[in-house]
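Student: Quick one: sequence plus predicted model below, questions after.
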Amino acid sequence: MTTKIIWLARTGLAVGIGAAALCLAILPLRQSSAAVAFGVHPGPMSRAAAFARAETLTALGRKIFSDASLSASGLQACASCHDPAHAFGPTSAKPVEMGGKDMNQPGLRAVPTLRYLQAVPSFSEHFYDSEDEGDESVDNGPTGGLTWDGRVDHGADQAKIPLLSPFEMGNKNAADVAAKLRKAPYADAIKAAFGAAVFDNPEDTFNAAAEALATFEQSGPDFYPYSSRYDAFLAGKATLTTQELHGRQLFEDPAKGNCSSCHLSELANDGEPPQFSDFGFLGLAAPRNMAISANSDPNYHDLGLCGPKRTDLAGHAEYCGLFRTPTLRNVALKKSFFHNGYFHTLRDVVSFYATRDSDPGRWYPKKADGTIHKYDDLPEAYWDNLNPDPPFGRKPGDAPALTDPEIDDIVAFLDTLTDADLQPEMNGH
C-alpha cells in the first residue's frame, strides 16, 4: 500500500496532502527517512482517518514553520531560512545565515532546500539499490539521511535541529520550545491534534511540534510538486529548446558532464519522476570559504560525514570530506552552492566541475611559495576520498571536459528544473 500511495502523490494524483504526509499518519508502515515521524502518535488507523490526521498536522505544521516567536530572538522562524517562495531555501547569497538569541551567531553550513526530501532513504554506510541495473550486489557506499552529513534519518529529528541550535533558533532545550508553544495562538490546535495532556510533559510537546513540522514538510503540493518544464517534457507535454536538449545530453554523457551519475535524470523503473540525486556522499573539494567565521581558524575543517557536526563516524578517515548529494531540482534559484556556499552562480559551479583538476589555479589560492594550494579546505590526508570520475581526474594543463559553450548548455538545461510555482521568482543566475 505504501508504494502505491507514494506513486500517486509523485505523479500528482493525490489530492490536498502528499502521500508521504499520509504515511506519517499510518503506522506501522515502512517509509523513506524523511517521511517517518514519531512522538505523540495515536497509533494505527484507517486510511480515511489517516488522511484527516495528515491534513490536520499539515495545517498545524505550516503555522509552526512560520512562527518566529518559537526562536530565542523572537525574530527567526523555520521559514526565515527556508523561504517557501524560494524552494524552501534561503533567499540571500550569504554562505551561512545568522541566528541565536541576539541574531549575531553565524552558522557553519549553507542552508539547503527542504523540497524533494521525501525520497531520501535512511542513512546506511552500505546502500544496495534494487534498481541499480537489476544487480542488488552493488554497494553504493554511504547513502541517505537528512542534512549535509546525513546524521538524522527522520523528518521530525531534522526539524528539532534548528529549534535547538545555538546559531539558529537558539532554544536551550525542549522545555524552552514547549513554553513558547503553550503561549502560541495555535495551542488549542496542538491539543486537538495530540490530546490535552500533550502540554503536561515538555518532551511530548516538543515531539508533537516536530511531528507536525515533519508532516507539513512532506505535503506534496508544497514540497514535491514535480511541476517543472522538464517534468512536463518527460510526460510528453512540453518541449525543450535545442540548447536545453544538448545540455541534457552533456549532463548525461559519462565522458562529458557525467552529472547524471549522481544526479539521476531519467524516470525510475516504475515511472516515478527523477529525484536528481542518488542521495550518496561525495568529496568534491569546494574551495575554503573565508566568509564563514569558523574558517578563520586554520585548524578547523568541515569534514562532512566524519565531523564535526556528525560524531558517530569520526573514526572513519575514508569518509572525511564527503557530503550528501543534493537534488538539482530548483537549483537555478540558488544563490550559493555547496555545503560552504562558496560559489554564487550556477555557471561557476559547472565550470568548477569541468576544471577543478585541469586548472586548479582558477579556483584555489596560492601558498606563500607561489604554488597552488589545491583542495585547500581538505587536509591532504583525505585527498584520496575525492571523486576522480569525469569531469574530474584530469591533470593540470589538460583540456577541460567541457567547453564554455557546453557549460552554457548544461546551465540552460538546469533552468528547466524549476517548479512552475517558482518561475516568477527567477532572477537569473
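Tutor: Perfect, thanks for sending it.
Student: biggest helix in this protein by residues?
Tutor: helix 47-65 (DSSP state H).
Student: Show me what the helix or strand following it is in contact with.
Tutor: Remark: after helix 47-65, the chain's next helix or strand is helix 78-81, criterion DSSP states H and E. For helix 78-81, contacts defined as CB atoms under 8 Å, 6 or more residues apart in numbering pick out 64-66, 68, 90, 97, 111, 159, 162, 168, 213. The C-beta positions use only the backbone N, C-alpha and C, and glycine is treated the same way.
Student: Surely residue 281 touches residue 142?
Tutor: Yes - contact status for residue 281 versus residue 142: in contact at 4.5 Å, counting by CB atoms under 8 Å.
Student: These two: which is more packed in?
Tutor: Higher neighbour count among residue 281 and residue 142: residue 281, with 28 against 24, using other CB atoms under 10 Å.
Student: Look at that one and tell me its secondary structure.
Tutor: strand (DSSP: H, G, I helix; E, B strand; the rest coil).
Student: would you list every one of the strands in the chain?
Tutor: Here the chain has its strands, by DSSP state E, at 98-99, 105-106, 281-282, 323-324.
Student: Among the ones you listed, which comes closest to residue 390?
Tutor: strand 281-282 (13.4 Å; CB to CB).
Student: Name the strands paired with the closest one and say parallel or antiparallel.
Tutor: strand 323-324 (antiparallel) (DSSP bridges).
Student: one step back: out of the contacts of helix 78-81, which end up buried?
Tutor: 64-65, 90, 97, 111, 159, 162, 168, 213 (16 or more other CB atoms under 10 Å).
Student: Turn those into TSV, including pLDDT and distance to residue 376.
Tutor: What follows is the buried ones among the contacts of helix 78-81, written out as TSV (pLDDT from 0 to 100; distance: CB to CB, whole Å):
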residue	pLDDT	distance to residue 376
64	98	40
65	98	37
90	97	25
97	97	24
111	97	23
159	97	34
162	98	29
168	98	27
213	98	37
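Student: Out of those, the closest to residue 129 would be?
Tutor: Nearest to residue 129, judged by CB to CB, of those is residue 159 at 27.2 Å.
Student: surely the closest one meets residue 208?
Tutor: No - between residue 159 and residue 208 there is no contact under CB under 8 Å: 11.2 Å.
Student: returning to that earlier point: what is in contact with residue 281 and residue 142 at once?
Tutor: 150, 305, 319, 322.
Student: which two in those residues are spaced the farthest apart?
Tutor: Most distant of the shared contacts of residue 281 and residue 142, by CB to CB, are 150 and 319, 10.3 Å apart.
Student: between those two, who's got more neighbours?
Tutor: residue 150 (27 against 23).
Student: Could you pull up the residues touching the more buried one?
Tutor: Contacts of residue 150 by CB under 8 Å, 6+ apart are 123, 142, 144, 281, 305, 310, 324.
Student: which two in these are spaced the farthest apart?
Tutor: 144 and 310 (13.2 Å).
Student: Show me which of the two is the more surrounded one.
Tutor: Shown here are residue 144 and residue 310; by other CB under 10 Å, residue 144 has more neighbours (23 against 20).
Student: Do I have it right that that one meets residue 128?
Tutor: No - Residue 144 lies out of contact with residue 128 (CB under 8 Å); the separation is 11.8 Å.
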